[in-house]
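dropping the sequence and predicted coords here.
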Amino acid sequence: MVKKLFWPLVLLSLLITITIGYFAPISANAAARTAAVISPASDAWRAALPLDPSAATEAYMQRISPINKARSDAYFEGGYWLLLANTLLGIAACWIILQSGILIRIRNKAEKITRFKFLQTFAISSGFVFFLSLLSFPLTAYQSFFREHQYGLSNQSFPAWLIEQAISNTISIISMGLFFTLIYLFIQKAPRTWWAYGSVLSIGLLSVMMLLGPIYIDPLFNKYQPLTDQKIKEPILSIARANGVPTDNVYQFDASKQSNRISANVSGIFGSAAIRLNDNLLHRSSLPEIEAVMGHEIGHYVLNHAYTMLINISLVLLFGFIFIHKSMGISIKYWGAQHEIKKPSDPISLPLFSAFLSIYFFLMTPVQNSIIRTAEVEADAFGINTARQADGMAEVNLKLTEYRKSNPSDLEEFFFFDHPSPKKRIYAAMRWKAENLK
Ligand SMILES: [Zn+2]
């Protein structure tokens with residue numbers, strides 16, 4: 001049944017995607033909409049704030065109007081359901097690919113074209129990633145195009161969005177194809193202990209991506225150029241020098257073509273460093289706000305968060321691979337024969353591998369979020385101590401409430417937040433201010 005319906009399903013998926021794009025409520029002036037979210041305040045207002053951290057935090061929170069709070073809460077809470085929807089759709093897509101037998105057909109073709117096992121496995125793996133992204137395309141379109149416009153958070157036209165999707169999908173088809181190929185190579189060579197090698201492999205591949213990403217991948221989406229405004233560049237470099245970051249240049253990039261979200265990063269591993277901030281941060285924020293953000297980003301670099309993150313991710317993956325190892329063994333025993341899968345090392349079992357991986361990552365959401373959130377708290381503490389811009393930090397966090405729920409419950413934050421909530425970050429800034437002005 002699914003065998004016959006596979007191509008119509010792929011076509012239907014593309015049609016739904018185009019329909020979603022066509023009927024999206026294009027927000028013509030996202031800039032104007034998001035700018036109106038927070039009521040502005042003057043230096044005099046900030047100077048008159050109470051020194052008590054709780055009272056000062058409350059004064060900041062009062063500047064978010066009830067309508068806008070309701071809107072960003074709805075946007076952020078919708079994300080919780082999207083997490084579940086993505087997992088369920090991913091599993092359904094894996095099931096369709098498995099039932100369709102398309103990977104068996106790819107394998108048969110590949111065996112005719114090449115006798116190299118590696119290339120045959122790569123054909124199956126990249127083919128799998130290709131069909132998986134096609135079948136999940138409608139939800140991707142809804143989530144990252146339709147919905148972003150619905151909430152006035154995107155500046156992109158549908159064709160521009162489609163082009164970016166084509167680029168990022170091509171990158172993931174190649175990189176994930178390669179990743180799965182190597183994993184299956186390990187499963188074939190070490191059927192009982194592949195999960196250990198697999199997690200080490202993940203560190204290697206992620207390091208390569210972190211090294212090459214800023215140089216070769218990021219410029220495919222945005223234009224990077226040296227920041228020319230000395231009034232902004234010099235204070236940023238001063239924070240960098242004070243903390244021994246090995247760079248003498250700052251770059252800006254045109255993120256405003258995608259959205260109005262403010263963002264920055266200090267990228268680079270193995271002794272390289274590049275300080276980069278987007279044009280939204282430059283145009284929408286004051287110098288104290290920019291300094292607060294850059295202090296935070298420099299904190300990530302100085303505290304070696306890239307390395308601790310690599311180790312943490314590989315640990316999470318290690319347990320994930322053990323989970324997959326056990327589940328694959330059981331499921332192939334029961335359903336392997338009907339799908340021509342003889343053993344877990346057969347690459348046509350990839351839909352099973354991927355389905356178990358997404359179940360695992362779904363269950364690990366709070367763990368992953370907590371790992372990242374912990375690093376974010378550290379970077380916040382580092383940033384405020386080096387940039388010394390408590391009110392700048394608070395103002396920036398008010399801007400982040402455009403798309404982040406401002407005051408969630410502790411449990412909600414534990415499960416769904418990969419950054420501390422804006423209210424907690426504002427409170428931390430006000431606490432620093434109170435202690436340092438004593
Ligand atoms: Zn951060």
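All right, it came through fine.

which parts of the stretch 201-350 of the chain are helices?
With helices called from DSSP state H, counting those that start in this stretch, the stretch 201-350 of the chain shows them at 218-221, 230-242, 279-284, 287-302, 305-335, 350-363.

tell me which of those helices is the most buried.
Greatest average neighbour count among the helices of the stretch 201-350 of the chain goes to helix 287-302 (a mean of 23), per mean count of other Cβ atoms under 10 Å. From N, CA and C alone the C-beta is placed, and that goes for glycine too.

what's the angle between that helix and helix 230-242?
In terms of direction (axes from the mean of the first three to the mean of the last three Cα atoms, to 10 degrees), helix 287-302 departs from helix 230-242 by 30 degrees.

angle of helix 287-302 against helix 305-335?
60 degrees.

mean confidence score for helix 287-302?
Averaging pLDDT along helix 287-302 gives 96.

how far away from the center of its chain is that helix?
Remark: helix 287-302 is offset 20 Å from the chain centroid, using Cα atoms, centre = their mean, to the nearest Å.

got the contact list for residue 416?
Residues counted as contacts of residue 416 (Cβ atoms under 8 Å, 6 or more residues apart in numbering) are 76, 79, 80, 83, 365, 366, 369, 408.

state the distance from it to residue 13.
Distance of residue 416 to residue 13, given as Cβ to Cβ, to the nearest Å: 28 Å.

sorry, back to before: the helices of the stretch 201-350 of the chain: which one's closest to the ion?
Proximity to the ion, assessed across those by Cβ to the ion, is greatest for helix 287-302 (5.5 Å).

just checking, what packs against the closest one?
With contacts taken as 3 or more Cβ pairs under 8 Å, 6 or more residues apart in numbering; DSSP states H and E, helix 287-302 sits against helix 230-242, strand 264-267, strand 274-278, helix 279-284, helix 365-387, helix 390-400.

send me whatever helix or strand comes next after the last one as PDB with only the CA atoms.
Read in the C-terminal direction, the helix or strand following helix 390-400 is helix 410-416, with elements assigned using DSSP states H and E. The C-alpha trace of helix 410-416 is given here as PDB (Å, rounded to 0.1, in the frame of the first residue of the first chain):
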ATOM      1  CA  ASP A 410      10.400  27.000  37.200                       C
ATOM      2  CA  LEU A 411       9.200  23.600  35.900                       C
ATOM      3  CA  GLU A 412       8.400  25.100  32.500                       C
ATOM      4  CA  GLU A 413      11.900  26.700  32.400                       C
ATOM      5  CA  PHE A 414      13.500  23.400  33.300                       C
ATOM      6  CA  PHE A 415      11.700  21.600  30.500                       C
ATOM      7  CA  PHE A 416      11.600  24.100  27.600                       C
END
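
count the residues that sit near residue 16.
Around residue 16 there are 15 other residues, counting by other Cβ atoms under 10 Å.

low-confidence stretches in the chain?
Within the chain, the ranges that satisfy pLDDT under 70 run 1, 28-36.

who in the stretch 251-400 of the chain is up against the ion?
376, 379 (Cβ under 5 Å from the ion).

6 Å instead?
By the rule Cβ under 6 Å from the ion, the part of the stretch 251-400 of the chain lying against the ion is 296, 300, 376, 379.

contact partners for the last one?
Listed by Cβ under 8 Å, 6+ apart, the contact partners of residue 379 are 296, 297, 299, 300, 303, 305.

you'd agree residue 237 is up against residue 250?
Yes. Between residue 237 and residue 250 there is a contact under Cβ atoms under 8 Å: 6.5 Å.

once you drop chain neighbours, what's closest to residue 71?
residue 151 (6.8 Å; Cβ to Cβ, 6 or more residues apart in numbering).

tell me if I'm right that the one you found and residue 75 touch.
Yes. Using Cβ under 8 Å, residue 151 is in contact with residue 75, at 4.8 Å.

remind me, longest helix of this protein?
When the chain is parsed with DSSP state H, its longest helix is helix 66-100.

gap between that one and the chain center?
Distance of helix 66-100 from its chain centroid, counting by Cα atoms, centre = their mean, is 14 Å.

by contact count, what packs against that helix?
In terms of contacts (3+ Cβ pairs under 8 Å, 6+ apart), helix 66-100 is packed against helix 2-22, helix 117-135, helix 137-141, helix 350-363, helix 410-416.

do you know how far the residue lying closest to residue 39 once chain neighbours are set aside is from residue 382?
Distance criterion Cβ to Cβ, 6+ apart; nearest residue to residue 39, sequence neighbours excluded, is residue 63 at 4.8 Å. According to Cβ to Cβ, residue 63 and residue 382 sit 26 Å apart.

neighbour-wise, which of the two wins?
Set residue 63 next to residue 382 and count neighbours by other Cβ under 10 Å: residue 382 wins out with 21 against 17.

got a list of what the residue nearest to the more buried one when sequence neighbours are not counted touches?
Among residues not flanking residue 382 along the chain, residue 299 sits closest, at 3.1 Å (Cβ to Cβ, 6+ apart). Contacts here follow Cβ under 8 Å, 6+ apart; on that basis residue 299 touches 378, 379, 380, 381, 382, 383, 386.

residues contacting residue 64?
Going by Cβ under 8 Å, 6+ apart, residue 64 touches 37, 38, 398, 401, 406.

returning to what we had before: quick one: the contacts of residue 416 as JSON lines, columns for distance to residue 424 and neighbour count too.
Formatted as JSON lines, the contacts of residue 416 follow (distance: Cβ to Cβ, whole Å; neighbours: other Cβ atoms under 10 Å):
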{"residue": "76", "distance to residue 424": "15", "neighbour count": "20"}
{"residue": "79", "distance to residue 424": "18", "neighbour count": "14"}
{"residue": "80", "distance to residue 424": "19", "neighbour count": "14"}
{"residue": "83", "distance to residue 424": "21", "neighbour count": "15"}
{"residue": "365", "distance to residue 424": "19", "neighbour count": "16"}
{"residue": "366", "distance to residue 424": "17", "neighbour count": "15"}
{"residue": "369", "distance to residue 424": "14", "neighbour count": "17"}
{"residue": "408", "distance to residue 424": "9", "neighbour count": "20"}
